[in-house]
Every structure is written in structure tokens, then in C-alpha cells.
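J.: 3D model of this:
(chains A and B)
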Number of protein chains: 2
Amino acid sequence: MKTKLFFEKAQKGVPPLKHWFMSPVGVVEPVEDSHAWQGVSMRPVSPKRSYGNGEGICFDFGEHAVGHVELELSLDGVDFDSPLFLRVLAAELPYEFRYRREEWTSWISQSWMQEDFVKYDVLPAKIRLPRRYAFRYLLVEVIATPNPIMFQRVRLRAESAAGRRLPPPPEGLSPVENQIWEVGVRTLRNCMQTVFEDGPKRDRRLWLGDLRLEALVNAVTYRNPRVVERSLYVLACAMEKDGIFPSCAYEGEMLGRHGAHAYEYPFLLPKILVEHIGFYQRRQVARDLYDTALFQFTRVEKDISKEGLLLVPPPQWSVIDQNRTMDKTVGTHCAYLYGLEAMAQLSDVLGKKDAPWLRKRAAWMRKTARAHWLQEDGFFATDRELGKGERTLASQIWAILGQVVTGEEARTLLKRSLEDASLVAPMSPYLQHFLLEACRLVGNEEALHQVIRSYWGAMLETGTTTFYEVFKEDDPFYSPYKQTWVNSACHAWSCTPVYFLA
Amino acid sequence: MKTKLFFEKAQKGVPPLKHWFMSPVGVVEPVEDSHAWQGVSMRPVSPKRSYGNGEGICFDFGEHAVGHVELELSLDGVDFDSPLFLRVLAAELPYEFRYRREEWTSWISQSWMQEDFVKYDVLPAKIRLPRRYAFRYLLVEVIATPNPIMFQRVRLRAESAAGRRLPPPPEGLSPVENQIWEVGVRTLRNCMQTVFEDGPKRDRRLWLGDLRLEALVNAVTYRNPRVVERSLYVLACAMEKDGIFPSCAYEGEMLGRHGAHAYEYPFLLPKILVEHIGFYQRRQVARDLYDTALFQFTRVEKDISKEGLLLVPPPQWSVIDQNRTMDKTVGTHCAYLYGLEAMAQLSDVLGKKDAPWLRKRAAWMRKTARAHWLQEDGFFATDRELGKGERTLASQIWAILGQVVTGEEARTLLKRSLEDASLVAPMSPYLQHFLLEACRLVGNEEALHQVIRSYWGAMLETGTTTFYEVFKEDDPFYSPYKQTWVNSACHAWSCTPVYFLA
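T.: Have a look, this model is predicted:
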């Protein structure tokens, strides 16, 4: 069976991680600060000689990184007659230090908080904290110790398939763009592990949508094709008999198991494959997955109405944006169109014969989308019968990317969309990426740079060293999970300005 | 240097541990029960299919044991999209489930509580909990899980240098004595690890006083001389230049380090050595430690007053009993006498020439003790100038063991002491052991069996499967540490009835 081959390739193709050591750049403490993003900032403090019961120390590693913390501890005093009991909290952002276990309200698991309780029987000792952390700040609190402990050495054994070095930006960028580049490539580096993780703090999982975006930036920076290929095989080997290409899959001991399906993610598969050939001239993974990719377009034919509209049958759902209530009908249909064109290109590149019917179908479904959803005011939106009738920026972006509108008409639509504040705005960096893609497609580089500067530039101003999973400039506590603490502050789907700046 | 030899012997002489698996005999829950010892008993409950957030399960392993817990867990549901976060509390006694971290008041470290917080990234999984536990009951609470978890298998990989099997009691014991035997040998088994530990839950350390008692019971049950010898070398290699034989020492990575000194413990060393030769006809350890043992008697000569009384210079202190305020002057002096006689015997057995002067000194110091401390009412007690002037059972026991009184006088003193409720009573099983030794020395087997039945029999009635570190029949919550939770319910110094029943 084919998935067996994919499973073997996923098992054998683990990209080697590179490791390096990082030391704290200082000792800090979180303080209330009404001027700071999320109301908390870190204030430098002088380290004490040693830390006894109830005391804590917070190390600042200077930038976000991923790996295992090693502590060399000794005792300030003679007797070590009882175990050392520590609480550890590794945080990406200062606000996470407000975390209180008993105040947890999210439906998302509290186990994502990088809080651990550990005991050690012997000091002095070199301790390796039990779990991988993604963090900048490390709080170590002493719950119980026979005598105060001294931190002889604290370091992080950082890891990434990309290695430590952040590729330098191209010449000619502005200072802000240089910073965006640096934060973007660090974001990708920290998510690039044995697969493309979405966020190394929370979720820590491979998603097909995130993979596409990470692969783009990887191609113009770290240029590591193995991570792309392995990620694809990890997804492929989790496929079940229904042939749905997984949107999300696990690795390690859970290799071969998939998570939730996003309706439109599989349409991205041929795009990833054809771009991969373009970036690296490596064709094997595309050959292996060609039939699978093609099947993603035929298997949903039953969801195309007689009017030629692709309508997601509930309870299936599309991502489009991290917005649970938004009407995603136009976006999903157009993501299908976007995929059909990529599939046709892949057919051409691999010398297959599917391009003609794929393009024919795309042409037809562009017309149907236009006929049904292009409203009198020039924006795309569903009728209320089919959706909510909302005007969303997502629908305009995808109408452009699906080439329902092209040329000057597309340029105009994009321009009007960016100027019309009444459209439902993007909530996630994921959709912001497709906005950038639409800007580039219509050749509006000015708008592209403007979006980068305003959206990612505003993220920079929060003082971050990696880009976020979610970001709303006017709502620092916005969380799709109803718990700001659990938001991921290093999320690969927000690193794509690098691709457009390259 | 000599301690280097001892260090090597301690390193090389680690007795191999034997392992066996134990499964829970049932699922229980702690309930308030005014009829139960310490007010808590365990009620059998039916296990659920699976356990979700906020739920817990408590396994009863049927008896106290020591080792590592292994859990095979799976998910009751499909998605495992976030780590599993568990709280574990392993308890020797039901009362420990009342433990609340925020209510800790003892000066003893809270880290001794067998509470751990653990996270696992992948299910199904075979999990080994991180630390060795000494327990009968294991509570596993789910703090966070993506779906309810199922316990596919729960087992303890138990360990002891003694092995699983409890040696059977000799013929002819009463039913209660048979039970005392079983609980006693289990207590020793669970403390017999790579050294003689005092208690495997708390302290987990080698003490010279406990070692002597454990060696006695070991000799008539498991007959494992290696644990005795290794324990002696672990202590010996922690000796410093002052030549004080350590009362307590660490092993593992802390091998060669000692803890607090008890003033009278080193006087037990020749007793252990001469008994060891008697039990096993193995002389090497006694030869290695002869000079060291002898030095314990000469190095304290400066503490002998011109009247011939051994007086502990503060802040040094003796154990005698686990009672911080009791006058221990007579006990310490007589423990020295007890040691002098053992040292003289060791000299004889090894063909050395120290016996005459040792016996001469003992004879003199018996007279001085008698002259100064035998009061008109026939009890031994200090004058108020030297101590507190209290009449304690400890002083009478040690006057007998130090042979300050002998023959019929000793028999009478013991009888009167046991009948006089005004004497300060023993607080620990450690002193109870020396009471048994005194009974045997004066040939009062009836009193010996009466003490065993009343003291250890009362412990049995609390429902325990091992004997305690501390026990006061009229005060279930008595703790020398001001925190009942931390008391050790399996403490080797309480296993010695087995020696006398053998």
C-alpha cells in the first residue's frame, strides 16, 4: 500500500537537528507596566548569590529560542538532606508570568503552558529540565530546598533543523524591513524542527497550511528541502482509506496518525509540490504524491452544486482565517480554483496529461463564482442563501488568487478592498500572507510593503523577537482560545514577509 | 589514605537489587472515618472506564512496597492534540491524602512528600513515573488531557536488596507475633536497598544507629552480609580528617559526604563489627575498620570529666531517643560503656591487644556512673547540675545495657522501670529496641514479649503493613516534625521484634 511507502520515507527522512548553546543575557523580573504590550514588562534586577524556599529567579535569554534547558546547581551551605523541589515556567512573553493554574478558562489544554514541577535528589548536579521549551524567559522558583541553591551555569541547548545562523537580509531594505526580516527568519528557524511545526510552544504540530508558508520562506533563506519533503511524507502516511490528504499529522510515536481535517488545505498540496520543484529541482516527492494531490480535486466533486459552486457540507469547515464565524464560502471555492491551477502546472511539469481538464474546470468555476458572488458594489460576497452575505477581505483576496478577477480588475478590487474599512478584516497572519500574495499577483508592490510595514511593523513594536500566531494591534489580549497566555508568540505562518522581501 | 580504600569498596560493593512486579489489588478512595487511625480510611470503589480533566483514581497495592510505577495509558477518544498533565501522590498511609501544599508547616522539607507533576506528549504510552516511591496507595489525578485517559496497566516494579520473599516466622509464635514478624520483615525488606536506608519514603538515608538494628534483623532473616558491609564502607569513606565515624552518609553521586553527627552513634561501630563476625564469620570489614572503631573511644576522652563522667559538650548531641528535650546524659555515658565492651570483644576476636585497657576503663566508668547517678529511689538520673534530673526509661535501659547494674539488680531495675509510669517514656521505636535488648540481657523474656505485643501489637492495629518511624498509641498525629504527613510509615529501626522472635 502506498501509505506504507510514505511511512517509511517519513521514518527515514528525519532531518538532523542542529544544536547550539545559549546563555541568559540577564536576570529580570516581570512588572506591571501600563505602557508595555499586554501591560507587563521585564525589569533588569541583580541576581542574588543564592535562592531559598519561596524565592525565584527569572533569566532572560535575549531572544526567543527552542530547546532544552540545562542547569548546573549547587548548594549554598553544606547539608543536602532532602530533595530539591522546583517550579519552572518558560515564557515567550512577559504576560505569561501572570498565568495562574486555577484561573484557566480556555477549552485549549492548560498542559501547553510551559510550567513544570521537578525534584532532584542530589546537589551539586547538572540538571536537564524534562521538556523542550520555546521561550525567551525562564522562571525558576524554589518550592523546597534544604539550603539555598546557587545557579553555577544556566544554558539552553537550542535546536532547529535550520541551525543557529539567521540568514542576512538582502541589500536595500529599510531599517524596519531589516528588523522584520530578522524576526521572520528567527520565527521560521524556531519552528523548523523535524517537521515544520506551526508553533513550538503550543500545538507543536505539522499543518498543511502552515507547511506551505514555511516552505516558501525556507526556499529563500535556509533552503532545506529535507524538512519540506519529510513534512509531506508525515502528512501522507497518515492518510486513511478515504484518501483525504491530512491537514495535520503527528510524528514520533504517533507517526501515521492525523488530526482534524480543514476542508480547503488539501487544495494547497499541488501548489507546494510545484513550488518545491521550482525551488530545488527535486521531483521525487511530487511524483510520489501526484495521484494523491489529484484525488483531492476529484473527491470533492460531489460538493460542487449544479450551479458550479463548491459548497462545504457541514460539519466540514475551512480555515481561510482564524475566525470561526466568518462566511468562508467564496474563499473555499477560490482556494479550490487556486489549487486547480497549481495542479495543472504540476501536471505539465511532470509530463502528465491532466492539465486540460483541470484548467477547463477552473475556467468554468471562475465564471460561476463571478456570476453568483460578484455583487453590484464590486465586492465578492455570497447571497444570504448560501452564506452570511458578508463582505470580507478574505473573499476579495481569494477571488484574486483564484483568478476569478484578473489584470486591472483585480488591481482595482484589491485597492478598493484595502481602502474599505467596512470589510471584515483578517484576524490571523495566515490570511495576511494571502493578502501579500494577492498584492504581488496584481503587481501592487506598494500595497504589499505597506501591509508588511503596518501589520508586521506593529508586531515588532510590541518588543517581540518572533512573530505571533495571532495579532490585533488594538487588542493585546485577543485570543481565539479565550486565554491570552496560551497564544503562541512564535508561529511560523507569520514569517512570510521574508519571502516577499527576499 | 584509608578513606580512599573505603571509597573504592563502597563504590564496588553495591549490592544488586532484586526486582519484581506488583499490581494494584483494588481501586479505593480516602474517606473521613472517625474509627480509623488518623481519621481516614480507604473505601473500595469501582473503577471508571476512563478519567478526564479534574478526575482521579487511587490504586491500592495491598501492601507497602518500594520501587518505580509504570503506567500504560491510552486515550478514550481519538485526538491526542495536547500533552497529558498528571498529578501523582504516592502515600504510605491514607492520612497523607489530606496533604495540601499550602498548609505545610514543618521545618522538614516538603519535597519528601511523594507528589509529582508530570507531562507526556504522546498517548498511548508506557510511562515510568520519575521517582522511586515508597507507598501502598497511588493517586493519579488528571489536571489536563485532550480526552479521558484509560489505565490499561498499572504496576510497580518493586525493588530491594532482600528480594520479594518474606522469610517465614519460626514455629510456635502466637497469631499476633506471626503478624508482627511479617510486618517487621517487610519493613526491613523495603528499607534494604543499596544501603540500609532508615526509611524509603523520607530521609532515605543510611544512619549508623539504624544500620545496627537492621543488621540484627537481616542476620536472622535475609542474611545478606553485603548490604551490611557496603553500608559500613559508605559511612567510612565519608570520614573527615577529624576521624569521627559518620552517623549518617550519602551514596550515589554524593558518596563520600556525611550528614549530621550524633554523639553516641560511633560507639555502636564495634558492636556492629563484632556481631557481623558472629553472624557470618566474615572478618574483612572488621579488620578494615578496627583502628577507626577504636579511635571513637579515645577521641572523646577530652569529654570525660575528672569525676569519670562522659559529658557531651554542646552543641553536640546524642540521639538515644527521638526526643529533643529529654536529658540524655546517663544514656550517652552508658552507650559509651556498651561500646567499650563491644570494642574489647572485637579486640579479642581479632587477636588485638586493646581489651584490657578498654575493660579497665569501662569498669571505672561504671563505678562513676553508679556513684553519681544512682539515686536513692533506685533509678538512674543526673543531678540537676549535670542535666535535668529527670527519671527517664532511657536512662534505666542504658544503665542496664552499659552493665552499670547487672544480675538481679538489673532485673529488678528493669521490672520497676516498666511498672513506674512516672518515668519519661520512649518516643521512638529506636529506644523501644534497646528496651527489648535490656529485657533479653536481664533474662526477662516475659517483659520482652509483653513490650512487643503491646507496642508493636498496637501499631498492627492501625492497619499498617510496615512498622512506623514514630508511634504513640494515644496520639495518632504525633510527629517530631510538626507535620504528620511527613512521618515515615516504613522505618527500619522499628523492625527489631523480628530479631527477638527469631
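J.: Could you show which parts of the stretch 51-200 of chain A are in contact with chain B?
T.: Within the stretch 51-200 of chain A, the positions lying close to chain B (CB under 8 Å from any CB of the partner chain) are A:79-85, A:101, A:108-112, A:116-117, A:119, A:121-122, A:125, A:130-131, A:143-146. Using the backbone N, CA and C atoms, a C-beta is placed for each residue, glycine as well.
J.: Can you select the buried ones from these in PyMOL?
T.: A single PyMOL command selects the buried members of those (16 or more other CB atoms under 10 Å in any protein chain shown):
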select buried, chain A and resi 80+81+82+83+84+85+108+109+110+111+112+116+117+119+121+122+125+131+143+144+145+146
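J.: Restricted to strands, list the residues of the stretch 51-200 of chain A next to chain B.
T.: A:84, A:85, A:116, A:117, A:119, A:125, A:143, A:144 (DSSP state E).
J.: Dump the residues you listed into JSON lines; add pLDDT and distance to residue B:17 as well.
T.: As requested, those are exported to JSON lines (pLDDT from 0 to 100; distance: CB to CB, whole Å):
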{"residue": "A:84", "pLDDT": "95", "distance to residue B:17": "24"}
{"residue": "A:85", "pLDDT": "96", "distance to residue B:17": "25"}
{"residue": "A:116", "pLDDT": "95", "distance to residue B:17": "29"}
{"residue": "A:117", "pLDDT": "95", "distance to residue B:17": "27"}
{"residue": "A:119", "pLDDT": "95", "distance to residue B:17": "21"}
{"residue": "A:125", "pLDDT": "90", "distance to residue B:17": "22"}
{"residue": "A:143", "pLDDT": "95", "distance to residue B:17": "30"}
{"residue": "A:144", "pLDDT": "94", "distance to residue B:17": "27"}
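J.: helix, strand or coil for residue A:459?
T.: helix (DSSP: H, G, I helix; E, B strand; the rest coil).
J.: With adjacent residues omitted, what lies nearest to it?
T.: Spatially, and ignoring its direct neighbours in sequence, residue A:459 is nearest to residue A:471 (5.2 Å; CB to CB, 6 or more residues apart in numbering or on different chains).
J.: Backbone dihedrals for that neighbour, please?
T.: The phi and psi values for residue A:471, taken as degrees, to the nearest 10, are phi -160, psi 120.
J.: residues near it, how many?
T.: Counted with other CB atoms under 10 Å in any protein chain shown, the neighbours of residue A:471 add up to 23.
J.: residue ranges of the helices in chain A, please?
T.: Counting by DSSP state H, chain A has helices at residues A:2-12, A:175-191, A:208-220, A:225-236, A:269-280, A:284-298, A:329-349, A:355-373, A:393-401, A:407-419, A:429-441, A:445-451, A:457-460, A:497-501.
J.: Which stretch among those helices is buried most, on average?
T.: Most buried of those by mean neighbour count (mean count of other CB atoms under 10 Å in any protein chain shown) is helix A:393-401; its value is a mean of 28.
J.: Now it: average pLDDT?
T.: The average pLDDT for helix A:393-401 rounds to 98.
J.: repeat for stretch A:320-336
T.: pLDDT averaged over stretch A:320-336 gives 95.
J.: From the rest of the structure, what touches stretch A:413-427?
T.: Contacts to stretch A:413-427, defined as CB atoms under 8 Å, 6 or more residues apart in numbering or on different chains, come from residues A:321-323, A:326, A:378-379, A:390-394, A:396-397, A:399-400, A:405, A:432, A:435, A:438-439, A:442, A:444, A:447, A:451, A:470, A:472, A:480.
J.: Listing request: residues of the stretch 301-450 of chain A with sub-threshold pLDDT.
T.: The model of the stretch 301-450 of chain A has no residue with pLDDT under 70.
J.: What residue in it comes nearest to chain B?
T.: residue A:315 (14.9 Å; CB to the nearest CB).
J.: For the closest residue to residue A:445 other than its chain neighbours, which residues are in contact?
T.: Excluding its sequence neighbours, the residue lying closest to residue A:445 (CB to CB, 6+ apart) is residue A:439, at 7.2 Å. By CB under 8 Å, 6+ apart, the residues touching residue A:439 are A:414, A:445, A:447, A:448, A:451.
J.: Just the C-alpha atoms of the longest strand that chain A contains, please, in PDB.
T.: Using DSSP E, we find that the single longest strand of chain A is strand A:56-75. Presented in PDB, the C-alpha positions along strand A:56-75 are these (Å, rounded to 0.1, in the frame of the first residue of the first chain):
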ATOM      1  CA  GLY A  56      12.700  32.600  42.400                       C
ATOM      2  CA  ILE A  57      14.900  33.900  39.600                       C
ATOM      3  CA  CYS A  58      13.900  34.800  36.000                       C
ATOM      4  CA  PHE A  59      16.500  34.500  33.300                       C
ATOM      5  CA  ASP A  60      16.300  36.400  30.000                       C
ATOM      6  CA  PHE A  61      17.900  34.700  27.100                       C
ATOM      7  CA  GLY A  62      17.700  37.800  25.000                       C
ATOM      8  CA  GLU A  63      15.700  36.200  22.200                       C
ATOM      9  CA  HIS A  64      13.200  33.500  21.500                       C
ATOM     10  CA  ALA A  65      14.600  30.000  21.100                       C
ATOM     11  CA  VAL A  66      13.700  26.400  21.300                       C
ATOM     12  CA  GLY A  67      15.400  23.600  23.100                       C
ATOM     13  CA  HIS A  68      16.300  22.000  26.400                       C
ATOM     14  CA  VAL A  69      17.400  24.000  29.500                       C
ATOM     15  CA  GLU A  70      20.500  22.800  31.400                       C
ATOM     16  CA  LEU A  71      21.000  24.000  35.000                       C
ATOM     17  CA  GLU A  72      24.200  23.400  37.000                       C
ATOM     18  CA  LEU A  73      23.100  23.900  40.600                       C
ATOM     19  CA  SER A  74      25.000  23.700  43.800                       C
ATOM     20  CA  LEU A  75      24.100  24.300  47.400                       C
END
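J.: Cheers, nothing more for now.
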